[in-house]
Structure formats: C-alpha cells, structure tokens
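Student: coordinates only, no sequence provided:
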Ligand SMILES: Nc1ncnc2c1ncn2[C@@H]1O[C@H](COP(=O)(O)OP(=O)(O)OP(=O)(O)O)[C@@H](O)[C@H]1O
C-alpha cells in the first residue's frame with residue numbers, strides 16, 4: 001500500500017543544511033496499522049509530509065495506494081487522508097458543518113456529504129458536541145473530530161501525525177479504539193508516535209527512525225524477540241546456589257546470573273520456560289518463592305540499535 005525507496009529530504013538553513021531524511025525504504029501492507037517511532041527531530045514528520053504530498057522529496061521514489069508520489073501527487077492526494085499534529089479545526093468551527101464542508105471539498109454531493117457527516121458523527125461518537133463550536137470540546141473530542149475530518153472522503157490510507165500527544169491516558173486508549181476501527185474497515189493507517197507503549201499496543205508493525213534513517217522494522221513482538229528473548233527472575237526459599245546449579249545449562253536457559261534477590265535467567269521464550277523452571281525446582285524439592293517474566297521493551301530495541309534510550313533522547 002505504501003512503498004518507498006531511498007526517500008530523502010534536506011532543508012537549507014542559515015547555518016548550512018539539515019539532512020532530515022537520508023534515504024528511507026518503507027513497505028506498508030494494505031490494512032495494517034503501521035507505527036513510525038523515533039525521538040524528537042528524527043525525521044518522522046518530514047517523511048510523513050513527503051508521503052502526504054505536502055513537501056517534495058529531494059530524491060528517491062514512492063508509491064502510495066497505487067499512485068506514484070513524484071509523477072502523480074494529485075492522484076496520491078485523492079487516495080489519502082492526512083491529520084496534522086495540531087489538527088486542522090479552529091475554535092469557531094462546528095464539527096458537523098466542517099465534516100460536510102470537507103466532504104464537499106472532495107467533490108461529494110451535498111446530500112451524500114450530509115449523510116457521511118451524520119455517519120461520522122455517530123461512528124466517532126461526536127453526537128453530544130457535534131453542533132457546538134470546537135472551542136468547547138475537550139482535547140480528546142477535538143482529536144476525534146480531526147480524525148473524522150481526515151477520513152470523511154473514505155481514503156485508502158490515512159496518515160496520523162502524533163494523534164494522541166497531549167491526551168490523558170483514558171482519551172489515548174479511546175483514540176486507539178478509533179484507529180483500530182479504521183483498520184478494521186480496511187483502511188491502512190500510518191501513525192507517528194513518541195509513545196513506546198502506544199506503538200506496542202496499537203501497531204501491527206513499526207519502524208524506528210533515528211537521525212533520518214530507519215534503524216529497525218518489524219512487528220513489536222519480532223523486534224523485541226530479535227534483541228534478547230525474555231528474562232525470568234526467580235526467588236527461591238532455600239539455597240539459591242543449588243537452584244542455580246540445577247538451572248544453569250538447562251536447554252531452555254540461554255544464560256543465568258545470581259542476584260541479591262535470587263536468579264535472573266535469560267530465556268528464548270518466557271511462556272514455555274516458566275513451567276519448565278517450576279518443574280525442575282519442584283523435582284529437586286526446592287520451594288519457589290517468586291517467579292516473574294520480564295519482556296524486553298521497544299526502548300530496549302532502540303537502546304540496542306542506537307546505544308541510547310528513546311526515553312532519554
Ligand atoms: N522546514 C525546515 N527547515 C529546516 N529544518 C527543518 C525543517 N523541518 C524539519 N527540519 C529539521 O529536520 C529534522 C527532522 O525534523 P522532523 O520534524 O521531521 O522530526 P520528527 O521526528 O517529526 O520530530 P518530532 O517528533 O519532534 O515531531 C530536525 O532536525 C528538524 O529541525
């Protein structure tokens with residue numbers, strides 16, 4: 001649905017030039033939620049704006065929903081929706097009217113535009129406030145209106161630039177449901193985010209960008225598995241040294257450390273290793289105190305690829 005090859009963009013500044021995007025190859029499948037993750041200034045928005053035809057790439061190629069970005073940007077524009085970081089509503093506008101206008105803008109008849117606006121008001125749960133000015137909406141309500149506006153012309157692909165930034169946790173989760181609903185209707189969703197938990201919970205696949213290039217791509221689970229497997233911490237009632245001797249060298253344990261709290265085991269897959277660890281200890285008459293599974297986070301992936309933490313950057 002989206003394919004790019006060597007996409008790049010530099011900006012001239014007073015001090016010289018900034019290579020914002022330095023050759024990005026992306027492949028986004030139809031009907032998936034694709035997350036684009038990276039620290040501030042990584043080049044996410046610049047990439048998104050190129051794909052949404054808002055700025056011209058300096059080089060490379062891209063096809064979006066079957067249309068060529070460089071040769072047929074007008075065609076790309078008709079097939080996509082774009083929701084900017086700050087949204088596009090102003091305080092005085094009224095959601096239902098804006099939805100009708102936006103639909104009319106895409107050449108849809110008045111009657112059909114009204115019908116679509118009513119359907120969007122129901123689908124995005126805007127009924128309570130859709131006929132009041134936007135100035136009176138909460139942050140989450142306003143973001144829902146922004147997204148409803150971005151998809152009123154029923155695009156094949158929608159680009160969402162940080163749709164949940166600034167929302168409280170409950171509104172963020174609500175927004176995830178809205179985004180999943182778009183995917184379930186067959187839309188391809190390309191979403192940028194700073195939030196690791198969001199990328200993890202929401203996205204079918206993600207890529208991580210840093211300094212204008214992609215440093216990792218895959219499903220959240222694949223990326224996390226790729227780096228380290230899982231960690232299981234075990235506390236035993238009795239001799240930790242005996243438990244360590246029993247578990248060290250077990251085929252399902254990659255490596256093992258003794259810690260003040262007990263044992264730290266590195267395993268390929270915690271879900272299968274935990275029952276085996278429990279059986280081994282039980283068979284030797286060692287009473288288990290605690291056992292916990294820790295899965296590596298996307299931050300660990302970023303740390304592994306770039307040498308620094310996404311949270312700190
Ligand atoms: N119009 C511009 N002129 C000069 N430099 C720019 C321009 N737009 C972006 N940049 C620079 O390009 C780099 C990438 O910026 P971009 O906005 O794409 O990053 P981002 O990953 O979206 O960051 P954020 O998460 O903060 O939105 C940054 O160094 C930024 O300062």
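Tutor: On my side now, so go ahead. Being a predicted model, the structure only gives us computed values, none of them experimental. Residues are numbered from 1 along each chain as shown.

Student: OK, contacts around the residue of the stretch 101-250 of the chain found nearest the ligand?
Tutor: As assessed by CB to the nearest ligand atom, the ligand sits closest to residue 194 within the stretch 101-250 of the chain, at 6.0 Å. C-beta coordinates here come from the backbone N, C-alpha and C atoms, glycine included. By CB atoms under 8 Å, 6 or more residues apart in numbering, the contact set of residue 194 is 37, 39-40, 162, 165.

Student: so how far is residue 177 from it?
Tutor: 20 Å (CB to CB, to the nearest Å).

Student: where do the helices sit along the chain?
Tutor: 44-51, 73-79, 95-105, 110-123, 139-150, 169-184, 196-202, 220-228, 240-247, 270-283, 298-306 (DSSP state H).

Student: what does the protein put close to the ligand?
Tutor: Selection of the chain residues close to the ligand by CB under 6 Å from any ligand atom yields 11, 13, 18, 20, 38, 40-46.

Student: hmm, which two among these are most spread apart?
Tutor: 13 and 38 (20.3 Å; CB to CB).

Student: out of the two, which sits in the busier spot?
Tutor: residue 38 (26 against 8; other CB atoms under 10 Å).

Student: that one and residue 210 touch, don't they?
Tutor: Yes: under the criterion of CB atoms under 8 Å, residue 38 makes contact with residue 210 at 5.7 Å.

Student: verify the contact between residue 18 and residue 8 for me.
Tutor: No: using CB under 8 Å, residue 18 makes no contact with residue 8, being 11.8 Å away.

Student: so the two - more neighbours on which side?
Tutor: Neighbours of residue 18 and residue 8, each counted by other CB under 10 Å, are more numerous for residue 8; the result is 21 against 15.

Student: what residues are up against that one?
Tutor: Per CB under 8 Å, 6+ apart, neighbours of residue 8: 19, 21-24, 57-60, 212.

Student: which of these count as buried?
Tutor: 21-22, 24, 57, 60, 212 (16 or more other CB atoms under 10 Å).

Student: now, the residues you listed that are in strands?
Tutor: With strands defined by DSSP state E, the entries of the buried ones among the contacts of residue 8 inside them are 21-22, 24, 60.

Student: what's the most distant pair in these?
Tutor: 22 and 60 (10.0 Å).

Student: circling back: output the ones in strands among the buried ones among the contacts of residue 8 in CSV; the columns should cover pLDDT.
Tutor: Listed next are these as CSV, based on pLDDT from 0 to 100:
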residue, pLDDT
21, 96
22, 96
24, 95
60, 96
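
Student: now, which of those residues sits nearest the ligand?
Tutor: Out of those, the member with the shortest distance to the ligand (by CB to the nearest ligand atom) is residue 21, at 7.1 Å.

Student: can you verify my assumption that the closest one contacts residue 51?
Tutor: No: counting by CB under 8 Å, residue 21 sits too far from residue 51 to count as a contact (10.5 Å).

Student: per-residue pLDDT of residue 307, please?
Tutor: pLDDT, residue 307: 69.

Student: same check, this time on residue 311
Tutor: 64.

Student: what about residue 30, neighbour count?
Tutor: Residue 30, neighbours per other CB under 10 Å, totals 12.

Student: likewise for residue 238?
Tutor: By other CB under 10 Å, 14 other residues sit near residue 238.

Student: the residue of the stretch 101-250 of the chain closest to the ligand and residue 7: what is the separation?
Tutor: Residue 194 is 21 Å from residue 7, by CB to CB.

Student: and for residue 267?
Tutor: For residue 267 relative to residue 7 (CB to CB), the value is 39 Å.

Student: list the residues that contact residue 200.
Tutor: 220, 297-298.

Student: ok, back up a step: give me the buried subset of the residues of the chain next to the ligand.
Tutor: Buried among the residues of the chain next to the ligand by 16+ other CB under 10 Å: 20, 38, 42-46.

Student: residue 244: which of the residues you listed is nearest?
Tutor: residue 38 (39.9 Å).
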